[in-house]
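Asker: Just a sequence and a predicted model for now, questions to come.
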Amino acid sequence: MALAWYNHLLCHGLGAVFGVLLALGIPCRSMKFIWHASPGHARSLGMHVIDPAGNPTQEESYILRIPLRQLRSGMRDEEILARFSNGFFAGFVFAPERWIAPFVQGIIDHEVFTNARVLGHHDSSRHLDVCKIDRPDAMPRLSLPPLGACLFGLYYLIDTSACSAEDRISTFPSSAAILRPDCSFVEFAGRTSGRSLAASHRFEVSRDDEPWANGCATTTGEKHVTIVYSHVRSNPRTGGQVYSRLMTAMHVCYAHLLFANGVREVLRPG
């Protein structure tokens, strides 16, 4: 378990260094940061799977409104989520975690996701059909990975508005009673085998004409898209804090850069 903490300290420390070096170059200096997750995220399907006891959480959100004219014409919400996920997980900021991932598989809890998946009512081999994304160039850019996909051996795509409610229930039977957000979203979750860290990343997209965005509607008449990175973490083993104040500060800096990498990919032409 000491190795797990060392790896998180290393990744967050590198993120902090990137933050100092690149703070002036990131595409979201107008980002809004708040110390709580999006509504309902702490009770999401991902958190239900990785921390069913509902232990106390540490949370934050990173929010950016982007003029619609800055996006490629006709870009759908799913493509925005896919591009953002690509920049977040397949970009250079996340590279230290991708490099370390093959060496820490012993402390990653894959079984909790295997147990959450249905084995198949008509096909007993269905549990073997897990999409594994192990290289940055294998991460799709225009559409999201399939439900249940494993990213770099660290996180699983646990829920998304891009899949139907029927597909969600057939893949994760316990999801039937768990509400989804009203906006377009995708959620990735992961947990250490010692259960000292359970983390969920949820990316959300909403537009000015949707109810979620009315509270910050523009007065210029220009349409905007709002991108939210909501993060929730907990300690299922003890129910205590996950990070110290120093680690939290390093994590926030690192997450800021991950968010910026995601936004950069959304804005990239082509």
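Answerer: Arrived safely. The structure presented is a predicted model; accordingly, all values stated were derived computationally and were not measured.
Asker: drop to CA atoms for contacts and neighbour counts, all remaining ones
Answerer: Noted.
Asker: Could you measure from the most centrally placed residue in the chain over to E166?
Answerer: The residue lying closest to the centre of the chain (Cα atoms, centre = their mean) is H201, at 2.7 Å. Using Cα to Cα, to the nearest Å, H201 is found at 23 Å from E166.
Asker: for G221, same thing?
Answerer: G221 is 38 Å from E166, where distance means Cα to Cα.
Asker: where in the protein is pLDDT low?
Answerer: Counting by pLDDT under 70, the chain has low-confidence residues at 1-29, 118-128, 209-220.
Asker: all strands for it, in order.
Answerer: Here the chain has its strands, by DSSP state E, at 32-34, 57-67, 132-133, 150-151, 155-160, 184-191, 198-207, 224-234.
Asker: now these in CSV, with distance to M139?
Answerer: As requested, these are exported to CSV (distance: least, Cα to Cα, whole Å):
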stretch, distance to M139
strand 32-34, 27
strand 57-67, 23
strand 132-133, 6
strand 150-151, 8
strand 155-160, 12
strand 184-191, 14
strand 198-207, 16
strand 224-234, 19
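Asker: Sketch out the helices for this protein, chain order is fine.
Answerer: In the chain, the helices defined using DSSP state H lie at 2-22, 45-50, 77-90, 95-100, 111-116, 165-171, 245-267.
Asker: what about those helices, which gets the closest to A149?
Answerer: Closest to A149 of the helices of the chain, according to Cα to Cα: helix 111-116, at 10.3 Å.
Asker: Check which residues of the closest one are buried.
Answerer: For helix 111-116, a neighbour-count test (16 or more other Cα atoms under 10 Å) marks V112, F113, A116 as buried.
Asker: between those, which is nearest Y156?
Answerer: The closest of the buried residues of helix 111-116 to Y156 turns out to be F113 (Cα to Cα; 7.8 Å).
Asker: Next, work out how far apart the closest one and A37 are.
Answerer: According to Cα to Cα, F113 and A37 sit 22 Å apart.
Asker: G221 too?
Answerer: Separation of G221 from A37 (Cα to Cα): 28 Å.
Asker: Over to R43?
Answerer: Taking Cα to Cα, one finds R43 at 11 Å from A37.
Asker: Tell me which of those two has more neighbours.
Answerer: The residue with more neighbours, out of R43 and A37, is A37; 21 against 16, by other Cα atoms under 10 Å.
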